[in-house]
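Asker: 3D, please:
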Amino acid sequence: MHPRRPDGFDGLGYRAGARDEPGFGGAFPARSFSSASDLSRWVTSPPDIPGSRNLHWAEESPPRGAPAPCTPPEGPAEGPCPGGAGRSGEQLNRFAGFGIGLASLFTENVLAHPCIVLRRQCQVNYHARHYHLTPFTVINIMYSFNKTQGPRALWKGMGSTFIVQGITLGAEGIISEFTPLPREISHKWNPKQIGEHLLLKSLTYIVAMPFYSASLIETVQSEIIRDGAGILECVREGIGRVIGLGVPHSKRLLPLLSLVFPTVLHGVLHYVISSVVQKVVLLILKRKAYDGHLGESASPVQSMLDAYFPELIANFVASLCSDVTLYPLETVLHRLHVQGTRTIIDNTDLGYEVLPINTQYEGMRDCLRTVRQEEGLLGFYKGFGAVVIQYALHAAVLQITKVIYSTLLQNSV
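Answerer: Got it, this is the predicted structure:
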């Protein structure tokens with residue numbers, strides 16, 4: 001490749017006689033750059049990269065030679081920097097926003113894991129006479145498990161859930177890179193774009209399905225009979241499930257092809273419901289905050305809260321609505337995944353025994369019919385009290401972080 005600079009340009013100045021060449025003509029006299037103002041036309045700062053220097057929207061880099069916002073002009077300093085307090089509050093705002101998001105992620109993926117474990121065990125336990133529809137019975141059975149098996153009984157399989165999330169994100173990124181399927185929907189969407197986006201989600205759920213099945217088994221398997229499995233055990237079991245190797249299963253094991261439809265149906269519906277609810281709730285909260293700012297002058301603390309918490313609340317409400325709406329379908333899905341895997345679960349009625357999974361469902365339709373006939377409509381909601389505890393903890397963490405954040409902002413103003 002040839003250099004893209006003119007022949008007459010050498011560093012920060014022009015070579016003597018460069019403008020006398022025929023290609024340039026004689027109307028352009030040679031000149032040298034002797035002042036900083038001349039150099040500023042050619043030596044510029046690098047382009048603004050979003051997030052590189054914490055620039056805000058419509059904020060540009062300061063020109064070369066301009067004083068920093070906190071640097072006083074030439075002459076003796078007359079007082080402290082007027083922008084120091086504002087910048088310290090801005091830094092506090094950034095760190096507090098990061099802490100709020102981190103607390104929300106910690107609640108969703110770590111603090112709520114015992115509720116997810118017990119909820120899944122209740123869903124696949126067709127022997128259970130106690131459905132644990134309220135949080136009071138769920139707390140009682142959690143205490144029994146912790147007393148008889150130790151704390152690990154409620155935290156098993158947490159590493160595999162993170163692995164499944166990583167596989168899902170990686171598969172979605174790889175598929176979107178090598179196919180024209182869009183990973184995100186633009187504001188000017190059309191039915192074709194939505195269909196392609198949902199197709200990408202469906203392919204992602206299919207790729208992650210065997211690993212999700214292995215992770216599900218890890219979370220419902222009783223700690224009494226568990227061996228010291230490594231954190232990558234779900235990856236090995238998922239690959240073995242695909243190629244037909246690994247731990248021998250019974251003849252009641254459903255093939256992966258028969259699990260594709262319920263898995264994709266649950267994943268796509270969960271994504272659609274949560275996305276729609278999130279957009280609606282976020283629009284309502286932003287409209288409410290905008291109307292409040294028009295009615296009366298909002299305090300700086302309230303303005304900062306409106307910048308972070310509407311999105312967190314929208315995510316909370318969207319996840320809650322999708323989990324509650326699709327809980328019966330999730331119960332059916334988990335029973336189909338666990339069937340024939342020789343899984344031994346804890347007795348959710350007593351809390352100190354184990355039970356085998358010996359279901360013989362022929363598919364999704366047969367599972368729906370059998371659960372309705374033998375366990376009733378409430379059989380689809382076994383362990384629903386764990387969902388109540390899970391989202392009550394999430395709401396409590398959001399409220400606590402909001403109070404802490406408001407206190408920090410009030411002290412910094």
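
Asker: now the strands for the stretch 301-413 of the chain?
Answerer: With DSSP state E, counting those that start in this stretch as the criterion, the stretch 301-413 of the chain has strands at 344-346, 354-356.

Asker: can you redo these as TSV with mean pLDDT, distance to Gly195 and mean neighbour count?
Answerer: For the C-beta atoms, the positions are set from N, CA and C on the backbone; glycine is no exception. Formatted as TSV, these follow (pLDDT from 0 to 100; distance: least, C-beta to C-beta, whole Å; neighbours: other C-beta atoms under 10 Å):
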stretch	mean pLDDT	distance to Gly195	mean neighbour count
strand 344-346	92	39	21
strand 354-356	91	43	14
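
Asker: Which among these is found nearest to Ala214?
Answerer: Each of the strands of the stretch 301-413 of the chain was scored for nearness to Ala214 using C-beta to C-beta, and the closest is strand 344-346 (15.5 Å).

Asker: Tell me where the model's unsure across this protein.
Answerer: 1-101, 227-229, 245-249, 292-307, 412-413 (pLDDT under 70).

Asker: All the strands of it, in order from the start?
Answerer: Assigned by DSSP state E, the strands in the chain fall at 9-10, 13-14, 344-346, 354-356.

Asker: buried stuff in stretch 183-198?
Answerer: 196-198 (16 or more other C-beta atoms under 10 Å).

Asker: For it, give the distance from the opening residue to the closing one.
Answerer: Its start and end residues considered, stretch 183-198 measures 9 Å (C-alpha to C-alpha, to the nearest Å).

Asker: With stretch 377-388 instead?
Answerer: Note: stretch 377-388 ends 19 Å apart using C-alpha to C-alpha.

Asker: Now do that stretch: everything it contacts.
Answerer: Applying C-beta atoms under 8 Å, 6 or more residues apart in numbering, the set of residues contacting stretch 377-388 from outside is 115-116, 118-123, 125-126, 128, 131-138, 323-324, 327-328, 331-332, 348, 371-372, 375.

Asker: Now, of those residues, which are buried?
Answerer: 115-116, 118-123, 125-126, 128, 131-133, 135, 137-138, 323, 327-328, 331-332, 348, 371, 375.

Asker: which ones among the residues you listed are found in helices?
Answerer: If you go by DSSP state H, the buried ones among the contacts of stretch 377-388 have 115-116, 118-123, 135, 137-138, 323, 327-328, 331-332, 371, 375 in helices.

Asker: Just send the strands of the stretch 301-413 of the chain back as a markdown table, with distance to Arg226 too.
Answerer: Shown next, in a markdown table, are those (distance: least, C-beta to C-beta, whole Å):
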| stretch | distance to Arg226 |
| --- | --- |
| strand 344-346 | 9 |
| strand 354-356 | 11 |
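
Asker: between those, which one is nearest to Gly230?
Answerer: Comparing these by C-beta to C-beta, strand 344-346 comes nearest, at 19.7 Å.
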